[in-house]
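*Asks:* Any chance you can model this:
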Amino acid sequence: MRTALSSVLRAPKTKGLSLSRRALTVQAQHLNTPLADVDPEIAKIIEGEKGRQRRCINLIASENFASKAVMECTGSIMTNKYSEGYPGARYYGGNEFIDQAEALCIKRALNTFRLNEEEWGVNVQTLSGSPANFQFFTAVLEPHSRIMGLDLPHGGHLSHGYEIANKKVSMVSKYFESMAYRLDEETGLIDYEELEKFATRFRPKVLIAGASAYARLYDYARMRQIADSVGAILLADMAHISGLVAAGVVPSPFDHCHAVTTTTHKSLRGPRGAMIFWRKGVKSVDKKTGQNIMYDFDDKINAAVFPGLQGGPHNHTITALATALKMAGSPEFKEYQLQVLKNSQAMGEALVKKGFTLVSGGTDNHLLLLDLRNKGINGNKGEFICEQASIVMNKNTVPGDKSAITPSGLRVGAPGMTSRGLVEDDFRKIGDFIARAIDIGVEVQKQTGPKLKDWKKGLDPPPADLVALKAEVEAFASSFDTVGF
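*Replies:* Numbering: from 1, shown residues only. As a prediction, this is how the structure comes out:
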């Protein structure tokens, strides 16, 4: 069967308009035709994802729901322009409005985090969090220089140099030498004394304060003291908490760190992008000469992003980020972030009442890390059974785990559902939903044994209590407003 487009291309000449001219019109190429007509298969998939977002409880700590305004920017004509270079210094013409958008994004990035442009710089072109970290390392380090970050199984991030025996999992660990610091397994808190001991021996050039599954806050002052003692640059990766920092509801890494990286699509509730911030101005004074020693991050970081590791920037994302940053400066955004903290704590309290163990005993930010070992079920099964009940979260390692393939924990976050308007009582109810789902998984395991394959067979068909829970969860989630559609 011929498609509509092929039919047009094979249509006969009409009223003197040549076939070639006819074929090249915008209308004939379907360039302004709606997606549902051009590609109904993809349109159906998107509508399916809308339905999933509406009916599911989304607790992925690294996700959020971008506003309609942000999505209008990401789907705008700003995607059409090639703009290698920086505002006022592009390799292509026609960038008048692109320059305006990027310059405004830079200005808003500094304003949102209460930074002075004389003291801080920012690059808004970097595409996402892991590339941002690699670009920073590339800018300030020589190959095989030493870096030190939180161990991945203890809540760190891949891009901070994770490796295992005989395998460089992150390419960061291939090009740089990494050593991890860890949590105290008894308390679930960062062991700063051990961190300092190893930093003194390892002498990293970059010390990283940042995590992807840590429910507490960093002591940035202590991290800076350790960094200074070994001559290291202190980098904060605030990807998870950038929205909380923007709202001023948690301590800011900018008070103590030399540089800060962040994604923009998590608690900041922007498009899928990233930023790199760095200090400018006077670094110190030479004791012998009295001359000022200046920070030299500017050119190094910008050159590492472009042309070092990227080509043309994603202008639609930068434009959307400018809008997200404007929204992040509003009083409503601060109220939202305060509610995120309240909701995270309320959910944690509800889960503790149901007999769950929280790594570190609670939370100071937007997420919880559940340790399921006392429940007798692992994180793989926990994630799966919750998703069968339309409760979406992710499996995660906890301190003491021997394998990242079969971790013992679940990472549970509050930003997404708080964006949809949920408050403390709603999150307490979510805690009850999670407990019921895990209990069902435990009961099935008693019948099938511990093997994952057998356990999943025991859920096919799903037991009646799981079917009932899913219906209750979907009715609950669907009663709240969606974001962006």
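*Asks:* Just to check, residue 394 is in contact with residue 410?
*Replies:* Yes. If you go by CB atoms under 8 Å, residue 394 and residue 410 touch, sitting 7.1 Å apart. Backbone N, C-alpha and C define where each C-beta goes, glycine included.
*Asks:* May I ask which helix or strand of the protein has the lowest mean pLDDT?
*Replies:* The helix or strand of the chain with the poorest confidence is helix 4-9; it has a mean of 45 (mean pLDDT, DSSP states H and E).
*Asks:* returning to what we had before: give me the common contacts of residue 394 and residue 410.
*Replies:* Taking CB atoms under 8 Å, 6 or more residues apart in numbering as the contact rule, the neighbours common to residue 394 and residue 410 are residue 383.
*Asks:* Between those two, which is the more surrounded one?
*Replies:* Using other CB atoms under 10 Å as the criterion, residue 394 and residue 410 rank with residue 410 on top: 27 against 21.
*Asks:* hang on, that one is in a helix, isn't it?
*Replies:* No. Looking at residue 410 with DSSP: H, G, I helix; E, B strand; the rest coil, it is strand, so not inside a helix.
*Asks:* Count the residues that sit near the nearest residue to it once chain neighbours are set aside.
*Replies:* Nearest residue to residue 410, sequence neighbours excluded (CB to CB, 6 or more residues apart in numbering): residue 370, at 4.4 Å. Neighbours of residue 370 under the rule other CB under 10 Å: 25.
*Asks:* residue contacts, residue 165?
*Replies:* With contact set as CB under 8 Å, 6+ apart, residue 165 has no partners.
*Asks:* Wait, residue 411 touches residue 396, no?
*Replies:* Yes. Here residue 411 reaches residue 396: they are 4.1 Å apart, a contact under CB under 8 Å.
*Asks:* overlap in contacts of the two?
*Replies:* Common neighbours of residue 411 and residue 396 (CB under 8 Å, 6+ apart) are 213, 369.
*Asks:* on contacts alone, who are the packing partners of the helix or strand where residue 439 lies?
*Replies:* Applying DSSP states H and E as the criterion places residue 439 in helix 424-448. For helix 424-448, the elements it packs on are helix 331-353, helix 379-388, strand 391-392, helix 415-419, helix 452-457, helix 464-478, judged by 3 or more CB pairs under 8 Å, 6 or more residues apart in numbering; DSSP states H and E.
*Asks:* I'd like these as TSV, with mean neighbour count, mean pLDDT and distance to residue 94 appended.
*Replies:* Formatted as TSV, these follow (neighbours: other CB atoms under 10 Å; pLDDT from 0 to 100; distance: least, CB to CB, whole Å):
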stretch	mean neighbour count	mean pLDDT	distance to residue 94
helix 331-353	19	98	34
helix 379-388	22	98	46
strand 391-392	21	98	42
helix 415-419	26	98	36
helix 452-457	14	96	55
helix 464-478	16	98	45
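*Asks:* what's the pLDDT at residue 404?
*Replies:* In this prediction, residue 404 carries a pLDDT score of 78.
*Asks:* Report the spatially nearest residue to it, omitting neighbours in sequence.
*Replies:* Nearest residue to residue 404, sequence neighbours excluded (CB to CB, 6+ apart): residue 397, at 5.4 Å.
*Asks:* If I follow the layout properly, the one you found ends up in contact with residue 151?
*Replies:* No. Contact between residue 397 and residue 151 fails when scored by CB under 8 Å: they sit 9.3 Å apart.
*Asks:* Just want to know which of the two has more residues nearby.
*Replies:* A count of neighbours by other CB under 10 Å puts residue 397 above the other of residue 397 and residue 151, at 25 against 18.
*Asks:* Quick check: the more buried one vs residue 129, distance?
*Replies:* 19 Å (CB to CB, to the nearest Å).
*Asks:* Next: residue 456.
*Replies:* According to CB to CB, residue 456 and residue 129 sit 32 Å apart.
*Asks:* what's the answer for residue 410, then?
*Replies:* Residue 410 sits 22 Å away from residue 129, taking CB to CB as the criterion.
*Asks:* Of the helices and strands packed on helix 424-448, which is nearest residue 404?
*Replies:* For the helices and strands packed on helix 424-448, the distance to residue 404 is smallest for helix 379-388, at 9.8 Å, taking CB to CB.
*Asks:* by contact count, what packs against the closest one?
*Replies:* Under the contact definition 3+ CB pairs under 8 Å, 6+ apart, helix 379-388 sits against strand 394-396, strand 409-413, helix 424-448, helix 452-457, helix 464-478.
*Asks:* in stretch 357-367, what counts as buried?
*Replies:* Of the residues in stretch 357-367, 357-360, 363-367 count as buried by neighbour count, 16 or more other CB atoms under 10 Å.
*Asks:* buried ones in stretch 54-61?
*Replies:* Applying 16+ other CB under 10 Å to stretch 54-61 flags 55-61 as buried.
*Asks:* Which of those fall in helices?
*Replies:* Of the buried residues of stretch 54-61, the ones assigned to helices by DSSP state H are residue 55.
*Asks:* Export the buried residues of stretch 54-61 to a markdown table and append columns for distance to residue 98 and pLDDT.
*Replies:* Formatted as a markdown table, the buried residues of stretch 54-61 follow (distance: CB to CB, whole Å; pLDDT from 0 to 100):
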| residue | distance to residue 98 | pLDDT |
| --- | --- | --- |
| 55 | 39 | 98 |
| 56 | 37 | 98 |
| 57 | 39 | 98 |
| 58 | 33 | 98 |
| 59 | 37 | 98 |
| 60 | 32 | 98 |
| 61 | 33 | 98 |
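*Asks:* Could I get the buried residues of stretch 54-61 in a markdown table, plus columns for distance to residue 30?
*Replies:* Below are the buried residues of stretch 54-61 laid out as a markdown table (distance: CB to CB, whole Å):
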| residue | distance to residue 30 |
| --- | --- |
| 55 | 33 |
| 56 | 34 |
| 57 | 38 |
| 58 | 34 |
| 59 | 40 |
| 60 | 36 |
| 61 | 40 |
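*Asks:* Once you drop chain neighbours, what's closest to residue 221?
*Replies:* With sequence-adjacent residues excluded and distances taken as CB to CB, 6+ apart, residue 221 is closest to residue 256, at 5.5 Å.
*Asks:* Against residue 202, how distant is that neighbour?
*Replies:* 21 Å.
*Asks:* dump the residue contacts of the closest residue in space to residue 436 that isn't next to it in sequence.
*Replies:* Excluding the flanking residues, the one nearest residue 436 by CB to CB, 6+ apart is residue 469, at 5.5 Å. Going by CB under 8 Å, 6+ apart, residue 469 touches 389, 433, 436-437, 440.
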